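Trainee: Sequence and predicted structure, then a few things I'm wondering about:
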Amino acid sequence: MLHLSAVGQHYGDHKVLHDITLTVPAGQLLCVVGPSGCGKSTLLRTIAGLLPAREGTITIDGAPVTGVPDSLAVVFQDYGRSLFPWLTVRDNVALPLRRRGLARSERRAEADRILDSVGLSGATRRHPWQLSGGMQQRVAIARALVCRPTLLLMDEPFGSLDAQTREDLEDLFLEVHRTDGTTTVFVTHDIDESVYVGDRVVVLSPGPGSRIVLDLPVRLPGRRDQIATRGLPEFVALRAQVGRAVRGQGEQDGAKTTLGNGRGVQNA
């Protein structure tokens, strides 16, 4: 569904990404982690077409990415700045549907449907500034999903939330993903989150010229629980493997794998 072939990216003489080759099958939830400054967000912006790839090619459903595809949606970490404060929650979510030429009643019905799926059916007439941070991020997720995107990109979407809210939104998003099955690339700096959320984890090396040093399928129970799942020996082992790769030990141990079509059991 998403394919990157020998993708490279740089800013002037500074090389950020090098030889990124990756295939993401339809419906997979891929997490991308790596040390700070390794180019995770740059990779996401390149996939989105916001930055043209300096080397290699990117295709979505076989079509080359030469700009921002209509079938793509993005959820940013800074949810407060991504919502329009003068619009209600329902109108914020319905806004992308205007491009599809839907009548106002149809836009509102679709917005109400997706808001119900993220637990905000009672907040449709409120404004973003009347909501908590976690609720605002639910609105941002709902707005990204309302158009039923082919590909969803998430750039550390829960990174600025408190621990309890973050865990609640991880579980909420997994439930939504089980229902919609949207192909997702989820960037995070949190190793535990990558293993808990993902069907698969890709680790980038430190920069400059970051590349993939680990491509790991996550085979954990489909229904995940913040306490039980994180206590499983399999979770602990996966977390350790990802942690070693992030700290530069994975390559020395021969941990790099290439499982481009690998998929966890979460959506089975």
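Mentor: Noted; the coordinates are in hand.

Trainee: contacting residues around the helix or strand hosting Val176?
Mentor: Assigned by DSSP states H and E, Val176 belongs to helix 163-180. Outside of helix 163-180, the residues within contact range by Cβ atoms under 8 Å, 6 or more residues apart in numbering are 29, 117-119, 132-134, 137-138, 141, 145, 148, 157-158, 161, 184, 193, 196-197, 222, 224, 226, 266-267. C-beta: built from backbone N, CA, C; applies to glycine.

Trainee: Could you list which of those belong to helices?
Mentor: When the contacts of helix 163-180 are checked against helices (DSSP state H), the matches are 117, 133-134, 137-138, 141, 145, 193, 196-197.

Trainee: quick revisit: show me which of the contacts of helix 163-180 are buried.
Mentor: Using 16 or more other Cβ atoms under 10 Å as the burial test, those include 29, 117-118, 134, 137-138, 141, 145, 157-158, 161, 184, 193, 196-197, 224, 266 as buried.

Trainee: gap between Tyr79 and Glu170?
Mentor: The spacing between Tyr79 and Glu170, counted by Cβ to Cβ, to the nearest Å, is 15 Å.

Trainee: just to revisit the earlier point, export the ones in helices among the contacts of helix 163-180 as JSON lines, with columns for pLDDT and distance to Leu87.
Mentor: Formatted as JSON lines, the ones in helices among the contacts of helix 163-180 follow (pLDDT from 0 to 100; distance: Cβ to Cβ, whole Å):
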{"residue": "Ser117", "pLDDT": "87", "distance to Leu87": "20"}
{"residue": "Gly133", "pLDDT": "88", "distance to Leu87": "18"}
{"residue": "Gly134", "pLDDT": "87", "distance to Leu87": "19"}
{"residue": "Gln137", "pLDDT": "88", "distance to Leu87": "16"}
{"residue": "Arg138", "pLDDT": "89", "distance to Leu87": "15"}
{"residue": "Ile141", "pLDDT": "90", "distance to Leu87": "16"}
{"residue": "Leu145", "pLDDT": "89", "distance to Leu87": "17"}
{"residue": "Glu193", "pLDDT": "96", "distance to Leu87": "30"}
{"residue": "Tyr196", "pLDDT": "97", "distance to Leu87": "33"}
{"residue": "Val197", "pLDDT": "95", "distance to Leu87": "29"}
